[in-house]
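>>> Got a predicted model here, sequence first, then my questions.
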Protein chains: 2
Amino acid sequence: MIRDGTTPLLGHGSDATRRRNLSALLVQVHRSRGLSRSSLTQATGLNRSTIAGLVAELVELGLVVESVPEGAQGVGRPSPIVRPSDGVGVVAVVPEADAVTVALVGIGGRVLARRRTAFDEPPRAQELPPLVRSSLAALRRSRPGLTPLGVGVAVPGLVRSTDGLVRLAPHLGWRDEPLGSLLRAVIGLPVSVSNDAILGATAEAVFGAARGLGHAVYLNGGSSGIGGGIIAGGVPLRGVDGYAGEFGHTHAGADDRRDAAGVPGSLESQVTRAALQRLLGIGPVDQDEFEAALVASAEPAVLAEVDRQLDYLATTLGTVVNILNPELVVLGGFLAALDAARPGRLEALLADRALDAARESVRIRRAELGSDLLLIGGGELAFAALLADPASMGEWRAG
Amino acid sequence: MIRDGTTPLLGHGSDATRRRNLSALLVQVHRSRGLSRSSLTQATGLNRSTIAGLVAELVELGLVVESVPEGAQGVGRPSPIVRPSDGVGVVAVVPEADAVTVALVGIGGRVLARRRTAFDEPPRAQELPPLVRSSLAALRRSRPGLTPLGVGVAVPGLVRSTDGLVRLAPHLGWRDEPLGSLLRAVIGLPVSVSNDAILGATAEAVFGAARGLGHAVYLNGGSSGIGGGIIAGGVPLRGVDGYAGEFGHTHAGADDRRDAAGVPGSLESQVTRAALQRLLGIGPVDQDEFEAALVASAEPAVLAEVDRQLDYLATTLGTVVNILNPELVVLGGFLAALDAARPGRLEALLADRALDAARESVRIRRAELGSDLLLIGGGELAFAALLADPASMGEWRAG
DNA sequence: GACAAAATGTTTACGCTTGCAACATAACAG
DNA sequence: CTGTTATGTTGCAAGCGTAAACATTTTGTC
């Protein structure tokens, strides 16, 4: 069966079976960061001998390693532990207004090495390729045994998923920057670019608060706006072009003041970290410091502003719950702080804004992955091709 | 490989390959309502001989029939046309406030026979099982050769997808009615129940305006509210419980008047067919008559109300486009009439409410499937199991 | 300390499914 | 009527997972 890439062929040959099983195994190892061969047998329903063959192929490809288990695990012959190999990884790139971070991420979502370059003013798109190139060279020297298989970039803006064109990234001052092609021209690896919040949602769904859930929504409050990502049916929802998840511009209240994108009455025109910082009398501090200050504050003006912002946030959350019926809403950035400052209030407000049936099954949690979130998310993006077809990437590596 | 149903097993055996290929073929035949064997070869990428074997099995199962092509089709040996068989079908059930419709639907989404029972007041849930039973008996007499394989019910309300519990159906006056179990107890067939708008979206995505699209949203205006359905990645998005798509209760404007569900400022508190009917001075007429009256009206009060409602609709549409980045928005019910009364206005208003990047790739169209929409949608729901695994259902039929 | 039980790895023969190549068949073109 | 083209048909080969028997390792018990 020959795949020419123009149309996704619907048929399945016997090689596709093998591909799918290799993929299922590698995904299991990736998500669990190591598990016994017998667990793989149970999880997949495949025969012991089949698992043995598949694992042997993954070892051959340099993607996993087998080791003897350490502690006692019960009667019977001990089953070898299958772990992600440190021989392969991907490159995660996170451009922000004040810095660009490049990291090596291993299978299992482990950030193995990172390199942060500070910027006084936002980096230009043209600056990224040489920066990524040199950072990658330095990172590779620090980890000589690791072969990078791809690059995943998390951009705070609208990214066309087909080619990695950044349509708009206000925080960086970018508009229609062909970041994907720019990087591909310089880095000899497959490059994928995506919106940062979608990747944050992906990371939280694989390793964080929404681990294993089929339907979840990630909502992030950053210094320049509010972004989000949707997990539907266990996979990130990108939309036709990759622009899905822009919750910041949803209509959330009576006030028709416009946000930076010109949308009137939108969530991110009302719910801002800047307004809270002003009332708290602090500068652009660290995320943890900000939250500590917000939670500690008993200032009436601060509390009033927190409640006002929570009210707007609840309206958007109501819309989200009514439209998507998620199992979990994950709050990141200053939205997590907002919820922490008034525990339980957001859920109480939601009772008024969402239909009972949908509201009953939704929980609200804070993001778990902290500062590594986008590195892991970028890693997930770059790993996607490998996880979907381990054999082809292994061959690519050998060549 | 044994499937016990508790956990979805990830492994693929050679029988799964066969299943998948049979499914791919039947889906093709279903969506196209008949195509040549050579087209199947091209679409799947499978070998001619493999297709021959697979089609033979589908014929054996009584799911498709092969026939010699009629017209000329070029050089070469003519390829047999594979058509849906009329030997199998499903039952679609559509309960509404004033009537219950039961229909036989064939593969290919063809409504083969229907039976409508009028009600003076909304039917009670307990009335449905005997009614469906007797209607089905009558329909089977009219189509003796057809074996029904399942039942799909389209309910205007919130339906828990796991068991078919109707949490809330205001239009019918139902609350927590276990419709799925009630029907299963009386009908000796698999029964699935779902929200009507999700099924409308499904039908439009398979056979209607959104045919073949991966990302689309269906928005329907009914006499009792506004519902919707999302197609994401080519499949209906149900959410954890099946309540997704409730666009009627999204926050859409400054006015905080509450809708029937108590949600303030929601779309369906502002955009109503009743308000338009009142201004037009007409009663609860037919959908086509309503649209004709609305489009013909030059009354300033009517035009003002249309514009007012379009404004609210545009706000929700902006939210939808920003969150889901769909390729197409399909308008059904009186929302299609609203758009038709002021051509182009909705798209123009959307420019202000949605981010440019996402708005550029979205089109707005009216629903195509008319009055058969929910019958076809219910059929799709019931056919889902067969299409996913043709062999097992065929065996079930034989037994 | 020896032996049985339990769980898992390993090996080999087998069945199923698809792929391939050769041949057969049907339509069109001249 | 004959050659070309496209497709159906047939028999054989290759790949993959399965099943069963055997080997290995740990635990528990007498």
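Right, received. Where do you want to start?
>>> Contact partners for residue A:105?
Residue A:105 is in contact with A:89, A:90, A:91, A:92, A:111, A:112, A:375, A:376, A:378, A:379, A:382, A:383, counting by Cβ atoms under 8 Å, 6 or more residues apart in numbering or on different chains. (C-beta placed from N, C-alpha, C; glycine too.)
>>> can you tell me how far the fourth one sits from residue A:136?
From residue A:92 over to residue A:136 the distance is 11 Å, taken as Cβ to Cβ, to the nearest Å.
>>> Doesn't residue A:46 belong to a helix?
No: using DSSP: H, G, I helix; E, B strand; the rest coil, the secondary structure at residue A:46 is coil, not a helix.
>>> Surely it is in contact with residue A:21?
Yes: using Cβ atoms under 8 Å, residue A:46 makes contact with residue A:21 at a distance of 6.6 Å.
>>> what touches both of those two?
With Cβ under 8 Å, 6+ apart as the test, residue A:46 and residue A:21 both reach A:54, B:11.
>>> Thought residue B:235 was touching residue A:235, still the case?
No: if you go by Cβ under 8 Å, residue A:235 and residue B:235 don't touch, sitting 10.7 Å apart.
>>> what residues does the helix or strand that contains residue A:294 touch?
Assigned by DSSP states H and E, residue A:294 belongs to helix A:287-296. When contacts are defined by Cβ under 8 Å, 6+ apart, helix A:287-296 is touched by residues A:273, A:276-277, A:280, A:282, A:285, A:302, A:306, A:333-334, A:336-338, A:340-341.
>>> which one of those sits closest to DNA strand C?
Using Cβ to the nearest atom of the strand, residue A:336 comes nearest to DNA strand C of the contacts of helix A:287-296, at 39.9 Å.
>>> Find the helix or strand that the residue lying closest to residue A:45 once chain neighbours are set aside is a member of.
Leaving aside its chain neighbours, residue A:45 sits nearest to residue B:9 (3.5 Å; criterion: Cβ to Cβ, 6 or more residues apart in numbering or on different chains). Residue B:9 belongs to no helix or strand when assigned by DSSP H and E.
>>> where's residue B:9 relative to residue A:32, distance?
From residue B:9 over to residue A:32 (counting by Cβ to Cβ), the distance is 16 Å.
>>> of the two, who's got more company?
residue B:9 (19 against 16; other Cβ atoms under 10 Å in any protein chain shown).
>>> so that one makes contact with residue A:44?
Yes: in this structure, residue B:9 is within contact of residue A:44 by Cβ under 8 Å, at 6.1 Å.
>>> what's the burial count for the residue in the stretch 1-150 of chain A that DNA strand C sits nearest to?
For the stretch 1-150 of chain A, the residue closest to DNA strand C is residue A:76, as judged by Cβ to the nearest atom of the strand, at 2.2 Å. By other Cβ under 10 Å, 7 other residues sit near residue A:76.
>>> how about the residues of the stretch 51-200 of chain A near DNA strand D?
By the rule Cβ under 7 Å from any atom of the strand, the part of the stretch 51-200 of chain A lying against DNA strand D is A:53, A:54, A:72, A:74, A:75, A:76, A:77, A:78.
>>> For the residues you listed, give me JSON lines that also has secondary structure.
Conversion of those to JSON lines gives the following (three-state DSSP):
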{"residue": "A:53", "secondary structure": "helix"}
{"residue": "A:54", "secondary structure": "helix"}
{"residue": "A:72", "secondary structure": "coil"}
{"residue": "A:74", "secondary structure": "coil"}
{"residue": "A:75", "secondary structure": "coil"}
{"residue": "A:76", "secondary structure": "coil"}
{"residue": "A:77", "secondary structure": "coil"}
{"residue": "A:78", "secondary structure": "coil"}
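>>> Lowest-confidence one in these?
Scanning these for pLDDT, the low point is residue A:72. It has 72.
>>> Is there a neighbour count for the closest residue in space to residue A:24 that isn't next to it in sequence? I'd like the number.
Of all residues not flanking residue A:24 in the chain, residue B:10 sits nearest, at 4.0 Å (Cβ to Cβ, 6+ apart). Counted by other Cβ under 10 Å, the residues lying close to residue B:10 total 17.
>>> quick one: low-confidence parts of the stretch 251-399 of chain A?
Along the stretch 251-399 of chain A, the parts satisfying pLDDT under 70 run over A:254-264, A:394-399.
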